[in-house]
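Participant: this is a predicted model, with the sequence first.
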Amino acid sequence: MKAFFAEEQKRHDPKAFLSSGAPQPNPERPERVERLLAGAKSAGLTIERPREHGLGPVAAVHTPEYLAFLEHIFARWQRIEGASAEVMPNIHPLARTGSYPASAVGQAGYHMADTACPISAETWQSALWSAWSAVEAAETVMAGAPAAYALCRPPGHHAFADVAGGFCFINNSAVAAQVLRKQAARVVILDVDLHHGNGTQGIFYTRSDVLTVSLHADPVRFYPFFWGHADERGEGPGLGYNFNLPLPRKSADAAFLEALEVAFQRIRAFSPDALVVALGLDAFEGDPFGGLSVTTPGFSRIGEAIAKLGLPTVIVQEGGYLCDALGDNLTAFLTGFGGKQR
Ligand SMILES: [Zn+2]
C-alpha cells in the first residue's frame, strides 16, 4: 500500500492551547509525523509525495469565505498592535445568523471553534499539503489500488465547512470522500478517532450520498461536547445518514470491537462503493488524552475487522498524540488491515 506525505505538513508548529482554561503546550506536535512515518514504514508501506492539487478539492467541502480567511488571517493578525504571535479567538457569535464581521478579531471568532487551532505563518500551507495527501490517496484508490494511506497532519475531522477547531483546519477525510464521489455513488466515512468527528458530521449532515459513522468517547463530558450524541442522525435528505456510537470512558478493545460490529451493520445496509477511514490513534490506553483504553493489539484487530468490509479504502490520519507506542499503533492497524499485501 502506498502512503502519502509532504514535508511541508511539518511546518505548522502550534504553540498555544488551553486545557480546562489552563495554558498547556499544544499536543499536535510536528514530531507526531516522525512517529507516524516510522509506523507506516514498519508496516511495509512506501512513502510518496503527493502532487499539488490546487484549491478545487478543498473548495468542494469548504466555503470560499473560510478558505480566504485561512489563507490570509495570519498576515492580517500581525498588523494588529499587541496581538498574540498566533491567531487565537477571544470572542464568538452565540449564533451565526448575524452579520459577517469585517475585522480579523471578529473573523477569528467566527471561523475558529476553540483555542486548540492557533494559526501561524505556516498553517495554511501545511493544511493544504495535508489535504493534498488525502486527495492523492483518494485518486490512487480511484485508479484501482485497493487501499491507500494519507499521513494527514494537521488532522481534519473537527473542521466544519467554515470553522476550524480541535487542531484541525481542512477536513481531509471529507476532502477524500468528495474526491471518491467522482466515481463512487455512495461513500462511507468511518471515524475511529477518540473524539467525535464533528466537522465531518457537519459537512455531510444534510446529505444522503455520504454516510458518516463515528465511534468515540461519550461527549457528555468530553470534547467536542456539543456534538457526537447518539440522537444526532442527520437532517432533511440526510436524516438517517449520520450514525454516532458514543462509548463510555475507558472502554477497551472488546467494547470498541463490539461497537464496530454495530457500525458495520449500518455500513452494509448503506451498500457503499468506497470507504474513508478517519484513523485516530488517540483511543489508545496510553494516549495523553486518556479517553478510551484500546491496546496496540486492539488496533490490529480493528484494522483486520475494517478490511473485511472488502471496500476500496482511503485511510486518513486524524489524531493520536505523542506517546511511546504512537508509531507501533499505526503499524498494528495497517498490518491488521493487510497493508503490506495491498
Ligand atoms: Zn482525536
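Facilitator: Perfect, I can see it now. Just so it is clear, the model here is predicted, and its values are computed rather than measured.

Participant: and for residue 241, the neighbour number?
Facilitator: Residues contacting residue 241 under the criterion other CB atoms under 10 Å number 23. Backbone N, C-alpha and C define where each C-beta goes, glycine included.

Participant: contact partners for it?
Facilitator: 204, 207, 208, 210, 211, 212, 233, 234, 270 (CB atoms under 8 Å, 6 or more residues apart in numbering).

Participant: and the furthest pair within those residues?
Facilitator: Largest separation among the contacts of residue 241 by CB to CB: 210 and 233, giving 14.3 Å.

Participant: so which of these two has more stuff around it?
Facilitator: More crowded of residue 210 and residue 233, by other CB under 10 Å: residue 210, with 26 against 14.

Participant: so of the contacts of residue 241, which ones are in strands?
Facilitator: Using DSSP state E, the members of these that fall within strands are 210, 211, 212.

Participant: contacts for the worst-scoring helix or strand of the chain on mean pLDDT next, please.
Facilitator: In the chain, the helix or strand scored least confidently by mean pLDDT, DSSP states H and E is strand 18-19, which has a mean of 92. For strand 18-19, contacts defined as CB under 8 Å, 6+ apart pick out 24, 115, 116.

Participant: flag every buried residue along stretch 183-201.
Facilitator: By neighbour count with 16 or more other CB atoms under 10 Å, stretch 183-201 contains the buried residues 184, 186-201.

Participant: can you give me the helices for the stretch 151-300 of the chain?
Facilitator: Ranges of helices within the stretch 151-300 of the chain are 172-180, 198-204, 253-270, 296-307, based on DSSP state H, counting those that start in this stretch.

Participant: skip ahead from the longest helix along the chain and say which helix or strand is next.
Facilitator: Secondary structure of the chain per DSSP state H: the longest helix is helix 123-142. Sequence-wise, the next helix or strand downstream of helix 123-142 (DSSP states H and E) is strand 147-150.

Participant: neighbouring strands - and their directions - for that next one?
Facilitator: In the sheet containing strand 147-150, its partner strands are strand 2-4 (parallel), strand 313-317 (parallel), by DSSP bridges.

Participant: redo these as JSON lines? Include mean neighbour count.
Facilitator: Output for the strands paired with strand 147-150, formatted as JSON lines (neighbours: other CB atoms under 10 Å):
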{"stretch": "strand 2-4", "mean neighbour count": "24"}
{"stretch": "strand 313-317", "mean neighbour count": "30"}
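
Participant: adding distance to the ion and mean pLDDT, write those out as a markdown table.
Facilitator: Below are these laid out as a markdown table (distance: least, CB to the ion, whole Å; pLDDT from 0 to 100):
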| stretch | distance to the ion | mean pLDDT |
| --- | --- | --- |
| strand 2-4 | 20 | 98 |
| strand 313-317 | 11 | 98 |
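
Participant: could these go into CSV alongside distance to residue 75?
Facilitator: Listed next are the strands paired with strand 147-150 as CSV, based on distance: least, CB to CB, whole Å:
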stretch, distance to residue 75
strand 2-4, 29
strand 313-317, 28
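
Participant: select, out of those strands, the one closest to residue 158.
Facilitator: strand 313-317 (13.2 Å).

Participant: so which residues on the stretch 201-342 of the chain come close to the ion?
Facilitator: Contacts of the stretch 201-342 of the chain with the ion, taken as CB under 5 Å from the ion, map to 280, 282, 319.

Participant: just those now: which is nearest the ion?
Facilitator: Comparing those against the ion with CB to the ion places residue 319 closest, at 2.9 Å.

Participant: I'd assumed residue 194 was in contact with that closest one.
Facilitator: Yes - contact criterion CB atoms under 8 Å: residue 319 and residue 194 qualify, at 6.2 Å.

Participant: any common contacting residues for these two?
Facilitator: Counting by CB under 8 Å, 6+ apart, the residues touching both residue 319 and residue 194 are 280, 282, 289.

Participant: surely the first one and residue 321 touch.
Facilitator: Spelled out, it's residue 280. No - in this structure, residue 280 is not within contact of residue 321 by CB under 8 Å, at 9.6 Å.

Participant: what's the mean pLDDT across stretch 102-116?
Facilitator: Stretch 102-116 carries an average pLDDT of 97.

Participant: and that stretch, is it in reach of the ion?
Facilitator: No - Stretch 102-116 lies apart from the ion when judged by CB under 5 Å from the ion; the minimum separation is 10.5 Å.

Participant: and the residue of the stretch 101-250 of the chain closest to the ion?
Facilitator: residue 195 (3.7 Å).

Participant: ok, now how distant is that residue from residue 322?
Facilitator: Using CB to CB, to the nearest Å, residue 195 is found at 16 Å from residue 322.

Participant: element containing residue 108?
Facilitator: Using DSSP H and E, residue 108 falls in helix 104-111.

Participant: chain center to that helix: distance?
Facilitator: 22 Å (CA atoms, centre = their mean, to the nearest Å).

Participant: what is the longest helix of the chain packed up against?
Facilitator: Packing contacts for helix 123-142, counted by 3 or more CB pairs under 8 Å, 6 or more residues apart in numbering; DSSP states H and E, involve strand 2-4, helix 56-59, helix 64-78, strand 147-150, helix 172-180, strand 313-317.
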